[in-house]
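Q: Just the structure for this:
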Amino acid sequence: MTKVAFIGLGHMGGPMAANLVKAGHEVTGFDVAPPALEAAKANGVSIAASGADAAKSAEVVITMLVSGAQVLDVYPALLEAASPDTLFIDSSTIDVDSARKARELAVNAGHRGMDAPVSGGVMGAEAGSLTFMVGADASDFEQARPLLEVMGKKVVHCGDSGAGQAAKICNNMILGISMIAVSEAFVLGEKLGLSNQALFDVSSTASGQCWALTTNCPVPGPVPGSPANRDYQPGFAGSLMAKDLGLALEALQSTGTDAKLGTMAADIYRHFADEGGAGLDFSGIIKTIRENSGAK
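A: Okay, the predicted model is just below:
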């Protein structure tokens with residue numbers, strides 16, 4: 001049993017913390033949103049008055065926040081409150097520089113730090129089937145692995161500090177591009193008189209097969225668990241995909257990488273989020289493609 005402080009109990013952090021409780025770990029959590037606290041409490045998480053209070057008695061502190069700025073903003077109080085040599089695991093999706101800065105802050109304060117962003121969305125968080133991409137020292141990775149394996153089905157040590165975030169940014173660039181491609185193909189199929197089910201039956205077992213098609217299919221019907229069957233309620237929100245592709249775009253520009261599709265995907269999802277898609281699942285991009293194609 002490990003004493004865990006979990007900071008950020010939203011759509012992802014809440015289920016992740018609940019799975020740690022189910023596995024027998026002692027979890028104390030904090031979030032600024034009262035509904036998140038209520039849900040976490042119902043799932044067996046002890047609620048602290050602040051993030052610092054949660055970190056006081058923890059052996060491991062896990063953060064699941066929205067941005068690099070938010071992580072760096074909360075870290076000083078958490079680091080000051082924690083006992084020496086506490087392991088800090090940041091599972092937020094943030095830029096590589098912020099991830100490395102967070103670890104530097106932890107080390108300078110006498111602790112250890114690592115980045116461990118996730119893939120799998122809310123469904124994966126609830127099912128404990130997330131993929132963790134970890135940037136950490138080997139010894140810290142081995143200490144964290146048992147906890148991460150409670151919350152995920154695959155845990156990959158990607159390298160040193162920041163490598164987990166690098167993997168996440170690259171992975172989500174693939175995902176954003178592929179969801180746009182899948183959505184465009186379905187709209188084209190519809191305009192050519194092809195049923196969505198027929199296209200799915202072909203592509204899901206042919207060379208067009210991908211996660212965006214077989215798990216998060218953007219049309220209702222073929223994949224019962226996809227957000228398309230819930231009027232595109234997330235899931236993985238369009239605002240988050242826009243944020244992640246924005247991080248990818250920054251990385252592309254800073255490294256001089258020639259990635260035309262990644263750049264276009266970032267622009268497409270930024271417009272999608274700005275024009276009403278922020279609260280929809282990112283697969284809702286098909287609605288925009290239909291509208292722009294003169295389809296219903």
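
Q: Can you give me every residue that contacts the closest residue to Y269 other than its chain neighbours?
A: Distance criterion CB to CB, 6 or more residues apart in numbering; nearest residue to Y269, sequence neighbours excluded, is A242 at 4.3 Å. Placement of C-beta: from N, CA and C, glycine included. Contacts for A242 (CB atoms under 8 Å, 6 or more residues apart in numbering) come out as A266, Y269, R270, F272, A273, A278.

Q: Export the helix or strand harbouring A242 to CSV, keeping only CA atoms.
A: Secondary structure assignment for A242, by DSSP states H and E: helix 238-255. Only the C-alpha atoms of helix 238-255 are listed here, as CSV (Å, rounded to 0.1, in the frame of the first residue of the first chain):
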residue,chain,number,x,y,z
GLY,A,238,-12.0,19.1,-29.0
SER,A,239,-10.4,21.7,-26.8
LEU,A,240,-7.9,19.2,-25.5
MET,A,241,-7.0,18.0,-29.0
ALA,A,242,-6.6,21.6,-30.0
LYS,A,243,-4.3,22.2,-27.0
ASP,A,244,-2.2,19.1,-27.7
LEU,A,245,-1.8,19.9,-31.4
GLY,A,246,-0.8,23.4,-30.4
LEU,A,247,2.0,21.8,-28.3
ALA,A,248,2.9,19.7,-31.3
LEU,A,249,3.0,22.8,-33.6
GLU,A,250,5.3,24.6,-31.1
ALA,A,251,7.6,21.6,-31.1
LEU,A,252,7.5,21.4,-34.9
GLN,A,253,8.5,25.0,-35.2
SER,A,254,11.2,24.9,-32.6
THR,A,255,12.8,21.9,-34.2
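
Q: Mind listing what's buried along it?
A: Buried residues in helix 238-255, counted by 16 or more other CB atoms under 10 Å: 238-249, 251-252.

Q: Which stretches in the stretch 51-200 of the chain count as strands?
A: For the stretch 51-200 of the chain, applying DSSP state E, counting those that start in this stretch gives strands covering 60-63, 87-90, 112-115, 118-119, 130-135, 152-159.
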